[in-house]
Structure formats: structure tokens, C-alpha cells
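S.K.: show me the folded form of this:
(one chain, ligands or ions: 1)
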Amino acid sequence: MTIEERIQHSKTSIFKAVFPSTTNHYDTLFGGTAMHLMDEVAFICATRFSRKMVVTVSSDRIDFNKPIPAGTIVELIGKVNHIGKTSLKVLVEVYTEEMYSESRELAITGTFTFVAVDDQKRPVQILID
Ligand SMILES: CCCCCCCCCCCCCCCC(=O)SCCNC(=O)CCNC(=O)[C@H](O)C(C)(C)COP(=O)(O)OP(=O)(O)OC[C@H]1O[C@@H](n2cnc3c(N)ncnc32)[C@H](O)[C@@H]1OP(=O)(O)O
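M.R.: Next up, the predicted model:
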């Protein structure tokens, strides 16, 4: 498989319904919950790309551009956008969708960096030469 094919193949999507248990006092998705879900989809994407143990080493700036109201659906999409020697970056986009219309918009973006590690938790190469 080429690298581009691996990137496409490992693109990962998760849908969630935004129920009251995940919202704040503004009745919108709690930012910490969004970050948790973003780390999770990014982790799954990085694992599916590398098929190695990976740990989160960093998250770049996260932009909360639109509030995500209770009673909507969110889709989180993770896609590898940079491959280093032992690390890779995953761009995560979070879309909010109304349940009873086709309305959909990009609400949050962020990038997460993962490092592939061995059993001793030492960095190892993402791709074998
Ligand atoms: C409510 C219900 C709850 C249910 C519950 C469910 C939970 C569902 C959540 C799922 C979510 C899953 C997410 C799992 C993932 C973790 O949670 S992992 C836990 C958090 N992360 C950690 O503990 C990692 C701790 N850090 C480390 O162990 C070490 O820093 C590492 C990662 C092994 C790296 O070691 P190091 O000595 O820094 O390595 P070094 O050789 O210097 O650098 C290695 C590479 O990392 C890069 N790097 C190092 N530092 C940085 C940095 N700060 N920024 C960017 N790149 C860096 C280097 O540039 C290098 O890249 P390459 O040039 O090789 O590509």
C-alpha cells in the first residue's frame, strides 16, 4: 500500500449524539468532552495508520469555532496529515449536524501528535524503510 493509500484507509470517523450528560451550563457540548473525543478519534486513526502502539505526545492549538448545541449530532474525522520518523500528526475536524435537517457545519479543528513506542515505551519508527 502506498502512503497516500494508507492515509485514506486509516481516515477515521466517529458519530455521537450530543446528550445533556455531555453539555455545560450553556447547553452546548463541554469543551473537555470535545477534546476527549478528538484525542480518541486521533488515537484510533494513528493506530490504524501505523498498526503500532502510539502515545499522545502533544496537541496543537484547538479552535472552537462554533458552539455545538445539545440535541445535535457530531461527526469527528481524523486524518493523518504529517508523518515523521517516530511521530505522526492527525488533523481532527468536528462537524455539528442538526438531527432533523441537512444543516451541517465545521465546529472544531485541532491537531494531535502521536509517537510510536515499543514494549519499553521507547520511540520506534512509524514506517519501516
Ligand atoms: C468518560 C469515559 C472515559 C472512558 C475512557 C476512554 C478513553 C478514550 C480516550 C482514548 C484516547 C486514547 C489516547 C491514548 C494515548 C494516550 O493517552 S497516551 C498517554 C499520554 N501520553 C504519554 O503518557 C506520553 C508521555 N511521553 C513520553 O512517554 C515520551 O515523551 C515519548 C512520547 C515516548 C517521546 O519520548 P522522547 O524522549 O521525547 O522522544 P524523542 O526521541 O525526543 O522524540 C520522538 C518523536 O516525538 C516528537 N516529539 C517529542 N516531543 C514532542 C512534542 N512536545 N510535540 C511534538 N512532537 C514531539 C519528536 O519530534 C520525535 O518525532 P520524529 O522526528 O521521530 O518523528
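
S.K.: for the longest helix along the chain, give the mean pLDDT please.
M.R.: Of all the elements of type helix in the chain, the one with the most residues (DSSP state H) is helix 31-50. What helix 31-50 shows for mean pLDDT is 97.

S.K.: need the CA coordinates for the very next helix or strand once past that helix. CSV is fine.
M.R.: Beyond helix 31-50 on the C-terminal side, the first helix or strand identified by DSSP states H and E is strand 53-59. Taking Å, rounded to 0.1, in the frame of the first residue of the first chain, the C-alpha atoms of strand 53-59 are listed here in CSV:
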residue,chain,number,x,y,z
MET,A,53,1.4,1.2,19.9
VAL,A,54,1.2,5.0,19.9
VAL,A,55,1.0,7.6,22.7
THR,A,56,-0.2,11.2,22.5
VAL,A,57,2.9,13.5,22.9
SER,A,58,1.3,16.8,22.0
SER,A,59,-1.9,18.6,20.9
